[in-house]
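K.L.:
Here's a sequence, model it:
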Amino acid sequence: MKLLSIAAVVASLASPALGEDNISIETLLKGGWQVAGYASANQPAVESAMILLRHQHEPYLMQCRASYDVTRSPSITVHCYQLR
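P.N.:
Reported below is the predicted structural model:
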């Protein structure tokens, strides 16, 4: 449950979409995408989550990796891409 709440915080802090190659989780969710799968990893300095998203009217899936790393700047990173 803790990791799910961390992923929600990371998702809420994601920057707005900058283009097709760098779209935020928030933008995907607002666009009708739904969470289809979720996996998380917890290491001493890094929290990360892989989120699989699906859309009813799209033939592909989106996968996003959101992470919080206290040893890097910026600490929060999000990367989303299409799976075809």
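
K.L.:
make it CA atoms for all contacts and neighbour counts henceforth
P.N.:
Will do.

K.L.:
Helix or strand: which one has residue 26?
P.N.:
Here residue 26 sits within helix 25-30, counting by DSSP states H and E.

K.L.:
And for residue 44?
P.N.:
Here residue 44 is covered by no helix or strand, with elements defined by DSSP H and E.

K.L.:
count of neighbours near it?
P.N.:
By the other C-alpha atoms under 10 Å criterion, the neighbourhood of residue 44 contains 7 residues.

K.L.:
could you measure it against residue 57, distance?
P.N.:
As for residue 44, its distance to residue 57 is 39 Å (criterion: C-alpha to C-alpha, to the nearest Å).

K.L.:
show me where pLDDT drops low in this structure?
P.N.:
Applying pLDDT under 70 to the predicted model, the residue ranges of the chain that meet it are 1-21.

K.L.:
where exactly do the strands run in it?
P.N.:
Counting by DSSP state E, the chain has strands at residues 34-42, 46-54, 61-69, 76-83.

K.L.:
Now tabulate those strands in a markdown table and tack on mean neighbour count.
P.N.:
As requested, the strands of the chain are exported to a markdown table (neighbours: other C-alpha atoms under 10 Å):
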| stretch | mean neighbour count |
| --- | --- |
| strand 34-42 | 13 |
| strand 46-54 | 20 |
| strand 61-69 | 20 |
| strand 76-83 | 17 |
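
K.L.:
Select, out of the ones you listed, the one closest to residue 22.
P.N.:
In terms of C-alpha to C-alpha, the element of the strands of the chain nearest to residue 22 is strand 76-83, at 6.3 Å.

K.L.:
quick check, distance from the closest one to the centre of its chain.
P.N.:
For strand 76-83, the distance between its averaged C-alpha position and the chain's averaged C-alpha position is 6 Å (C-alpha atoms, centre = their mean, to the nearest Å).
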